[in-house]
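>>> Build me a model from this:
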Amino acid sequence: MEAAKQFRKQQGEKKKKKKSKIKGHTGAGGVKGEEKATAAVSSTAVTASASSAGAGDENEEEDDDVDVEEPEMEPELEALLSTLTPLQILLLDESVELGEDDNKPAASMLEEAEESIMEEDKDEQIPTETDDILGDVNPLHLIGDLTIQHRARTLLSSIIQPSGVSVSEFYKRYWGKRPLLAALEESEDGANENDYEDGGEDVKLQQQLEHATRLNGFLHRKSIDDMIRKNKLRYGLDLNVTRYTDSLGNGTRHRITLDPPPKKRKSKTGSGGGAVDDVEYIVANPTDVWTNVDASHCTLRLLRPHEHNDNIHSMLSLLESEFGCMVGSNAYLTPLHSQGFAPHYDDVDVFILQLEGYKRWRVYAPMNKQETLPRVSSRDYTEKEVEESMGEEVLDVVLVPGDVLYLPRGWIHQAETVARPSHVSKLPGITDAHSLHLTVSAMQNWCWADFLEILMPEALESASASETSISLREGLPRNFLAYMGTMHQLDDEGGELPEGLKQVAEAYAKRVAKGADKDEEIDDEALAEVMHRQRTAALQKQFKEEAKKRIMRVAKQAMSMLDDACDQIGKRFLSDRLPPALLPHEATLTKESQSAAAHHHDASKKIWPNSLCRLVRPNIARLVIEDSKAVLYHCLDNSRVYQGTPLSPMEFEIDDAPALEQLLTTVEPHWIMVKDLIHGDVEDKMEIAQALYDEGILATILLDTPDRSVQTG
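The predicted model follows:
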């Protein structure tokens with residue numbers, strides 16, 4: 001708290017002395033809420049920008065920008081907090097005062113995590129970026145004051161921090177548009193020692209080491225080996241072993257997969273009791289896996305490492321709060337001088353986090369508009385296609401540990417593990433025997449087309465069942481197939497006649513209108529063709545006008561159903577996404593933690609009229625209306641495996657909806673008292689809140705003795 005005030009005071013004094021140029025928009029500080037821990041750094045909503053321009057379209061980018069209201073941190077505060085490592089942002093749940101005994105638990109969590117990932121290099125002392133105090137305020141002092149939304153924003157800011165690009169600028173200029181490289185600035189000739197103030201080469205090495213270790217704590221080779229051994233990972237489901245090689249000896253490299261195929265077996269679980277074919281995926285033998293990697297130079301791809309790694313799960317969970325869509329991950333370990341995959345593009349936006357070793361990435365722009373922001377991944381391209389069709393690389397860079405590369409979907413890429421570049425210093429504990437990177441993916445099946453695929457069929461069904469109009473239920477025009485369709489398209493757009501037939505039409509028109517000389521010869525066949533074309537054009541025009549009326553009716557109905565479609569895609573998101581990785585300060589406010597702490601004390605298990613409540617984490621639950629019932633969906637019980645656990649909806653009466661809406665939209669740092677919910681009587685308010693509390697999605701605190709004037713149950 002005091003650290004945050006001190007930071008703001010310093011920034012205010014700096015602004016009085018000199019107007020600073022800041023990228024993005026600044027919001028005034030200020031909060032509402034009753035929780036002391038969140039009061040320091042919440043801020044009011046400010047303007048952010050987003051754009052849907054296509055990759056490489058500079059002109060469209062500016063025209064398509066739309067201002068939206070979104071809560072953001074002050075840019076100076078975001079920049080300060082971005083110097084924390086992702087692991088610190090994920091693990092530290094208290095404001096840390098360095099050197100004070102009462103903060104040892106949070107600090108020790110981070111220390112243990114850092115020690116675990118450096119187990120192979122125990123004797124090396126790895127400094128962290130937070131050893132440097134920016135100004136008089138250490139960002140560790142502020143981390144415990146962040147709301148979840150601000151912590152999620154800080155996490156993204158930390159991931160891209162080496163780029164010097166703020167999150168606001170990232171969304172405006174890069175998100176879905178072009179790659180972003182977040183790397184430690186370094187010239188190939190080596191940095192000028194004058195750039196490093198006092199200390200010269202020592203300072204340079206320390207900065208490089210801090211950068212190289214800033215993504216520590218997620219994965220390394222030993223932890224992958226442990227994951228394979230402990231969890232019996234299966235080929236094809238949990239991991240792949242691949243290689244990009246000229247296996248046919250014809251001079252063309254292609255990707256081959258060395259995964260043993262699954263075994264077929266009979267199962268009597270089919271519908272009707274009949275036997276159906278089932279498959280059994282082969283459990284990977286760790287020795288075989290590493291033999292393929294080390295001796296055969298194969299790439300090991302881990303699918304869903306977050307299923308078995310809590311730190312990765314926590315990062316993805318927090319990024320889902322930031323992006324508002326499903327976020328996933330894969331990991332890739334490739335030995336030196338090897339490549340595991342052919343050039344291709346993906347149907348997801350990816351953040352490539354380089355954890356170990358060095359990897360050369362070559363990136364190419366989408367080949368055309370059709371392949372910009374694609375909805376499906378590409379096939380594998382050959383090197384010849386790359387040379388002939390894709391032109392020069394947009395980016396040709398070697399990622400070093402600590403670097404991050406963002407690629408929008410549709411950008412073609414290939415990567416190969418290389419030795420440590422000559423301009424990169426040899427650092428303790430940093431290997432170049434292999435490359436290991438973690439790919440964080442987002443935006444899969446999350447575009448306007450996906451939304452309209454939900455909306456338009458529903459709108460059509462609703463409009464066709466209208467009680468006020470029968471236009472969509474009217475029969476199609478009689479014999480319309482005789483003049484509509486590809487085979488009946490007229491040569492010229494708009495039904496214009498060819499020049500020769502125009503003369504025939506004009507001569508016939510004169511004869512009819514002015515009684516022209518009937519002895520003037522008119523080709524009967526040409527005249528018949530003219531009459532046919534004119535009749536066809538008229539019928540086609542009439543059909544198109546009638547179709548347009550009905551299409552506009554469906555579009556109008558669709559506009560009235562936007563909220564319903566948002567609820568449907570929101571339910572899909574809840575089904576697809578990961579379970580929230582609750583931080584300790586969130587979990588301690590749920591029923592499970594409070595009941596355990598209270599040792600079965602009745603007051604801890606019940607909701608009272610004076611209980612303060614809020615959703616345990618923003619946007620993990622959604623209320624929809626189905627069959628005249630208020631139905632609540634949430635993702636708390638989801639599996640870390642994609643759609644591994646079906647949603648279990650909670651059903652309420654329709655008159656409970658206003659109170660439910662209040663509970664689901666009250667999020668950190670705010671609280672709402674149960675007796676203030678919108679409902680007829682206090683007993684119903686308590687029962688609604690109790691149901692959500694029992695489900696584990698409601699956080700509660702009781703600042704006073706329980707109000708026992710009303711009893712339920």
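
>>> sec struct for the residue nearest to residue 374 when sequence neighbours are not counted, please.
Leaving aside its chain neighbours, residue 374 sits nearest to residue 410 (4.9 Å; criterion: C-beta to C-beta, 6 or more residues apart in numbering). Any C-beta I mention is one placed from the backbone N, CA and C, and that applies to glycine too. Recorded secondary structure, residue 410: coil (DSSP: H, G, I helix; E, B strand; the rest coil).

>>> wait, residue 410 sits on residue 373?
Yes. The pair residue 410 / residue 373 is scored as a contact, 5.4 Å apart, by C-beta atoms under 8 Å.

>>> Could you check how many residues crowd around the residue nearest to residue 374?
Using other C-beta atoms under 10 Å, residue 410 has 24 other residues around it.

>>> and it, how far is that from residue 177?
Distance of residue 410 to residue 177, computed by C-beta to C-beta, to the nearest Å: 10 Å.

>>> now do residue 631
As judged by C-beta to C-beta, residue 631 and residue 177 stand 38 Å apart.

>>> who has more neighbours, these two?
More crowded of residue 631 and residue 177, by other C-beta under 10 Å: residue 177, with 22 against 18.

>>> pretty sure that one contacts residue 408?
Yes. Counting by C-beta under 8 Å, residue 408 is a contact partner of residue 177 at 6.3 Å.

>>> In space, what's closest to residue 359 - neighbours in sequence excluded?
What sits nearest to residue 359 in space, not counting adjacent residues and going by C-beta to C-beta, 6+ apart, is residue 435, at 4.2 Å.

>>> SS state for the one you found?
Per three-state DSSP, residue 435 ends up strand.

>>> can you pull the contacts of it?
Residue 435 sits next to 332, 333, 334, 336, 354, 356, 357, 358, 359, 417 when contact means C-beta atoms under 8 Å, 6 or more residues apart in numbering.

>>> what does residue 674 give?
If a contact means C-beta under 8 Å, 6+ apart, then residue 674 has 607, 608, 609, 610, 611, 612, 613, 682, 685, 686, 689 as its contacts.

>>> Apply 7 Å and report the result again.
Listed by C-beta atoms under 7 Å, 6 or more residues apart in numbering, the contact set of residue 674 reads 607, 608, 609, 611, 613, 685, 686, 689.

>>> same deal with residue 443?
Taking C-beta under 7 Å, 6+ apart as the test, what residue 443 contacts is 325, 348, 349, 409.

>>> Closest one to residue 85 out of these, please.
Closest approach between those and residue 85, by C-beta to C-beta: residue 349, at 22.5 Å.

>>> which non-adjacent residue is nearest that closest one?
Nearest residue to residue 349 in three dimensions, chain neighbours excluded: residue 443, at 4.5 Å (C-beta to C-beta, 6+ apart).

>>> pLDDT score assigned to that neighbour?
Residue 443 carries a pLDDT value of 98.

>>> quick one on the thing from earlier: would you agree the residue nearest to residue 374 is in contact with residue 345?
Yes. With contacts counted by C-beta atoms under 7 Å, residue 410 reaches residue 345, the gap being 5.2 Å.

>>> any idea how far the residue nearest to residue 359 lies from residue 360?
Distance of residue 435 to residue 360, given as C-beta to C-beta: 9 Å.

>>> Residue 693 too?
53 Å.

>>> What's opposite residue 244 in the beta bridge?
Legend: beta-bridge partners of residue 244 under DSSP bridges are residue 255.

>>> Name whatever forms a beta bridge with the closest residue to residue 316 other than its chain neighbours.
Leaving aside its chain neighbours, residue 316 sits nearest to residue 327 (4.6 Å; criterion: C-beta to C-beta, 6+ apart). As for beta bridges, residue 327 partners with residue 442 under DSSP bridges.

>>> Distance of residue 327 relative to residue 640?
From residue 327 to residue 640 the distance is 12 Å (C-beta to C-beta).

>>> So these two - more neighbours on which side?
Taking neighbours as other C-beta under 10 Å, residue 327 and residue 640 compare with residue 327 leading, 26 against 19.

>>> Quick check: the gap between that one and residue 320.
Residue 327 sits 5 Å away from residue 320, going by C-beta to C-beta.

>>> which stretches of the stretch 151-300 of the chain have low pLDDT?
Applying pLDDT under 70 to the stretch 151-300 of the chain flags the ranges 186-200, 266-277.

>>> any idea where the strands of it begin and end?
Counting by DSSP state E, counting those that start in this stretch, the stretch 151-300 of the chain has strands at residues 180-182, 239-245, 254-257, 263-267, 276-280, 299-303.

>>> Kindly tell me how buried the residue nearest to residue 338 when sequence neighbours are not counted is, as a neighbour count.
Leaving aside its sequence neighbours, residue 338 sits nearest to residue 297 (C-beta to C-beta, 6+ apart; 4.2 Å). For residue 297, the count of nearby residues is 18 (other C-beta under 10 Å).

>>> what's residue 297 in contact with, if anything?
243, 335, 338.

>>> Low-confidence ranges, the chain, go.
Residue ranges of the chain with pLDDT under 70: 1-72, 94-135, 186-200, 266-277, 491-523, 595-604, 711-713.

>>> switch to 50 and redo it
Regions of the chain meeting the criterion pLDDT under 50 cover residues 1-8, 11, 14-63, 67, 69, 95-114, 116-134, 187-194, 600.

>>> now for the top helix by length along the chain, which elements pack on it?
Longest helix in the chain by number of residues (criterion: DSSP state H): helix 524-559. If you count contacts as 3 or more C-beta pairs under 7 Å, 6 or more residues apart in numbering; DSSP states H and E, helix 524-559 packs onto helix 448-464, helix 499-514.

>>> buried ones in the first one?
Using 16 or more other C-beta atoms under 10 Å as the burial criterion, the residues of helix 448-464 that qualify are 454, 455, 456, 459, 460, 463, 464.

>>> Kindly report the same for stretch 418-437.
Judged by neighbour count using 16+ other C-beta under 10 Å, the buried positions of stretch 418-437 are 418, 420, 424, 427, 429, 430, 431, 432, 434, 435, 436, 437.

>>> what does stretch 606-625 give?
Neighbour-count burial for stretch 606-625 [16+ other C-beta under 10 Å]: 606-624.

>>> What of stretch 353-371?
Neighbour-count burial for stretch 353-371, counted by 16+ other C-beta under 10 Å, picks out 353-367, 371.

>>> Quote the end-to-end distance of stretch 330-340.
End-to-end distance of stretch 330-340 (C-alpha to C-alpha, to the nearest Å): 14 Å.

>>> contacting residues around it?
Stretch 330-340 is contacted from outside by 219, 221, 224, 242-244, 293-294, 297-303, 305, 414-417, 419, 432-439, using C-beta under 7 Å, 6+ apart.
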